[in-house]
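A.B. asks: Using only what follows, build the 3D model:
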Amino acid sequence: MLRCARLAAVWAVAVPLACVAQQPVPVQPSVLMRGDLTVWMARRGTAAERAHSATNKVAATLGPPKNIVEKTPSELGQAASDVGQTASSYGTASSNVGQNASDTGQTAGSYGQTAGGFGQASSDVGQTAGSYGTTAGNFGESLSDASAPPPQMKGEVRDPLRDRIAADMRSAYPALQMHFREVLEVDVADLLAQTRGSAAYPDVIVDAEMPGNLLPDGVGLMMLGLPVEERDASLDHGLYMQAQDAVILTRAPHPAQARAFVTWLRDAPTCGYICPVVQLKGSTEQTGNLAVEAVARILGGGTLGAIADADAAQFSGGAAQMLALAGMRPRGNMRGQQLQIDVLSLAQNEHIAMAAVRGIVTSPDSFGAVHAQVVLRKDDKGVWKVLQVQPNMWPGQLGQAMQTMRRYVMGPQSKDKALGISQAAPPDGDNRPAQPDLWWDNKGGAALQVVEWQWHTALGWSSTGTLMVPDDNPHLTTRVTAVFATQQGQYQWRVWSVASDGTMDLSPWRKLNIVGK
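C.D. replies: Numbering: from 1, shown residues only. Coordinates of the predicted model:
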């Protein structure tokens, strides 16, 4: 883990950084072993649910109806003196004929209804303010019900995403007291106002449908680090991908658990819990530390500098940082932000190394957890250098890349040397629609071929991404779809031919202009 003094040295030129204390960022798996966590699962809801919510809102705004007419006892029905005759005016005395007045008909108090029993009281018409804004699953709750702490999740749930998260969290962290509540997106702001300062106020809001701006300004932290690249849902457990748009509340009652929970959400597709950290020692210490430093430089808005391989792609530090933080730059100038950067997986042989790195960025008003791929190789003098960094990947795609590298390069070795490729199409500088096919002719010897690509942004060239193409069935020509080329603008690409011992041959860069969809 990097300390503040180390970061200051790494970022001395790129970004000023104020380090308050030489302490790690408080995002540790241990905080999920105890304590409480309240999560609201927001969804758009059906048209009927949204209409019901709108009706509740109107009723609460208008208040009780004003057209109820109440009457006094003298105006309601007839008095006892107006009904029938008294005993004294009826032929014979009451003792001889008929029945006593007390035995005939009804007294005034038992005739008809009192004003309190007529129609409905104003308190029974419409809804009180406390019943406004209930969740889709809880329409009709009173304010006292809505404000009470939600019950602990123990059994059945209706929502598959909530069910999955609850079951996996119970399995990984059984002692954590986790509270779920389903809410409609249109009700979130009002429910936050109702529960503010109470035990029911949420730590995290998960929006399964990712509509964009769900919370009022200042209510949630700036969430950093969701990849902008298209994901392969088959690699990332589709349900979990719906939960990636999770926002930590600025006033979260349990901020440590909230940050750890969001880290778990982003790690879960590959680890099932917060991924364990590799303890760097022996031959992995140098490569692991270089991988950590490379990610730190990019998250700080810098470039690789002296740790870069001679053939590493040149890129803009600002563009790489934007890509790493999902198109958003941290507020201010990183002042007060801290980093926790760990190696989650590392594979290497005598010539090449590949590391999976997680970077956690946290501050009083922002939070992010990114997963990065770092590829290193030895130079002519036998010194490890960084060849490539992809600073923000979906965890499942990063896991698959690590498995591919282990299988084709870190496994059994042959004596074949990678002889490289010859790019065939598109021609250099050609104009193509989005996601064109790339062709090249193989010269032989490769166990793995890797397409490395860059996108030219308004800030300059981005850091690079990779597309791995196993070469387990040698053939003369390889053709792949450039799935990364989705935006209009200029890209460049090249191909690594990697032998099973980790030695490689790199093709020249070739430009590609995307001009349409």
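
A.B. asks: can you give me the helices for the stretch 301-450 of the chain?
C.D. replies: With helices called from DSSP state H, counting those that start in this stretch, the stretch 301-450 of the chain shows them at 317-324, 395-408.

A.B. asks: and among the ones you listed, the most buried is which?
C.D. replies: Comparing the helices of the stretch 301-450 of the chain by mean neighbour count (mean count of other Cβ atoms under 10 Å), helix 317-324 ranks first with a mean of 24. Placement of C-beta: from N, CA and C, glycine included.

A.B. asks: which residues sit against that one?
C.D. replies: Helix 317-324 is contacted by residues 14, 225, 228, 297-303, 328-329, 359, 370, 372, 389, 391-392, 457, 459-463 when judged by Cβ atoms under 8 Å, 6 or more residues apart in numbering.

A.B. asks: That one - what's its average pLDDT?
C.D. replies: For helix 317-324, mean pLDDT is 91.

A.B. asks: how big is the angle separating the helix or strand containing Val262 from helix 395-408?
C.D. replies: In the assignment (DSSP states H and E), Val262 maps to helix 255-271. Calculated by axes from the mean of the first three to the mean of the last three Cα atoms, to 10 degrees, helix 255-271 forms an angle of 40 degrees with helix 395-408.

A.B. asks: export helix 255-271 as CSV, just CAs?
C.D. replies: Only the C-alpha atoms of helix 255-271 are listed here, as CSV (Å, rounded to 0.1, in the frame of the first residue of the first chain):
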residue,chain,number,x,y,z
PRO,A,255,-19.5,5.5,6.2
ALA,A,256,-16.9,2.8,6.6
GLN,A,257,-19.3,0.0,5.9
ALA,A,258,-20.8,2.0,3.0
ARG,A,259,-17.3,2.3,1.3
ALA,A,260,-16.5,-1.3,1.9
PHE,A,261,-19.9,-2.4,0.5
VAL,A,262,-19.3,-0.5,-2.7
THR,A,263,-15.8,-2.0,-3.0
TRP,A,264,-17.4,-5.4,-2.5
LEU,A,265,-20.0,-4.7,-5.3
ARG,A,266,-17.2,-4.0,-7.7
ASP,A,267,-15.0,-6.9,-6.6
ALA,A,268,-17.8,-9.5,-6.2
PRO,A,269,-18.0,-10.7,-9.8
THR,A,270,-14.5,-12.2,-9.6
CYS,A,271,-14.0,-12.8,-5.9
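
A.B. asks: just checking, what packs against it?
C.D. replies: Helices and strands touching helix 255-271, by 3 or more Cβ pairs under 8 Å, 6 or more residues apart in numbering; DSSP states H and E, are strand 36-43, helix 160-172, strand 204-207, helix 238-242, strand 246-248, strand 352-363, strand 366-378, helix 395-408.

A.B. asks: what about Ile514, neighbour count?
C.D. replies: Per other Cβ atoms under 10 Å, the neighbour tally for Ile514 reads 20.

A.B. asks: Please work out how many residues are found near Asp416.
C.D. replies: Around Asp416 there are 15 residues (other Cβ under 10 Å).

A.B. asks: What pLDDT does the model give it?
C.D. replies: So, for Asp416, pLDDT stands at 87.

A.B. asks: tell me the contacts of it?
C.D. replies: Residues in contact with Asp416 (Cβ under 8 Å, 6+ apart) are Gly444, Gly445, Ala447, Ala499, Ser500.

A.B. asks: any idea how far Asp471 is from it?
C.D. replies: 10 Å (Cβ to Cβ, to the nearest Å).

A.B. asks: Could you tell me which residues touch both of those two?
C.D. replies: With contacts taken as Cβ under 8 Å, 6+ apart, Asp416 and Asp471 have Ala447 as neighbours in common.

A.B. asks: tell me the domain ranges of this protein?
C.D. replies: Here the domain assignment for the chain is 30-60+130-271, 412-517, based on automatic domain parsing.

A.B. asks: I'd like to know which of the contacts of Asp416 is nearest to Ala200.
C.D. replies: Ala447 (56.4 Å; Cβ to Cβ).

A.B. asks: show me what contacts that closest one?
C.D. replies: Contact analysis of Ala447 by Cβ under 8 Å, 6+ apart lists Tyr408, Val409, Ser414, Asp416, Ala418, Pro470, Asp471, Asp472, Val498, Ala499, Ser500.

A.B. asks: Downstream of the helix holding Val262, the next helix or strand is which one?
C.D. replies: Sequence order places helix 283-299 as the next helix or strand after helix 255-271, per DSSP H and E.

A.B. asks: buried ones in that following helix?
C.D. replies: 284, 287-299 (16 or more other Cβ atoms under 10 Å).

A.B. asks: Serialize the residues you listed to JSON lines and add fields for pLDDT and distance to Trp453.
C.D. replies: What follows is the buried residues of helix 283-299, written out as JSON lines (pLDDT from 0 to 100; distance: Cβ to Cβ, whole Å):
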{"residue": "Thr284", "pLDDT": "93", "distance to Trp453": "28"}
{"residue": "Thr287", "pLDDT": "97", "distance to Trp453": "24"}
{"residue": "Gly288", "pLDDT": "97", "distance to Trp453": "26"}
{"residue": "Asn289", "pLDDT": "97", "distance to Trp453": "27"}
{"residue": "Leu290", "pLDDT": "98", "distance to Trp453": "23"}
{"residue": "Ala291", "pLDDT": "98", "distance to Trp453": "21"}
{"residue": "Val292", "pLDDT": "97", "distance to Trp453": "24"}
{"residue": "Glu293", "pLDDT": "97", "distance to Trp453": "24"}
{"residue": "Ala294", "pLDDT": "98", "distance to Trp453": "18"}
{"residue": "Val295", "pLDDT": "97", "distance to Trp453": "19"}
{"residue": "Ala296", "pLDDT": "95", "distance to Trp453": "23"}
{"residue": "Arg297", "pLDDT": "95", "distance to Trp453": "21"}
{"residue": "Ile298", "pLDDT": "95", "distance to Trp453": "17"}
{"residue": "Leu299", "pLDDT": "92", "distance to Trp453": "21"}
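
A.B. asks: Dump these into CSV; add distance to Gln177 as well.
C.D. replies: Below are the buried residues of helix 283-299 laid out as CSV (distance: Cβ to Cβ, whole Å):
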residue, distance to Gln177
Thr284, 38
Thr287, 41
Gly288, 36
Asn289, 38
Leu290, 41
Ala291, 37
Val292, 34
Glu293, 39
Ala294, 39
Val295, 34
Ala296, 35
Arg297, 40
Ile298, 38
Leu299, 33
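
A.B. asks: what's the angle from the helix holding Val262 to strand 352-363?
C.D. replies: Using the same axes, to 10 degrees: helix 255-271 against strand 352-363 is 160 degrees.
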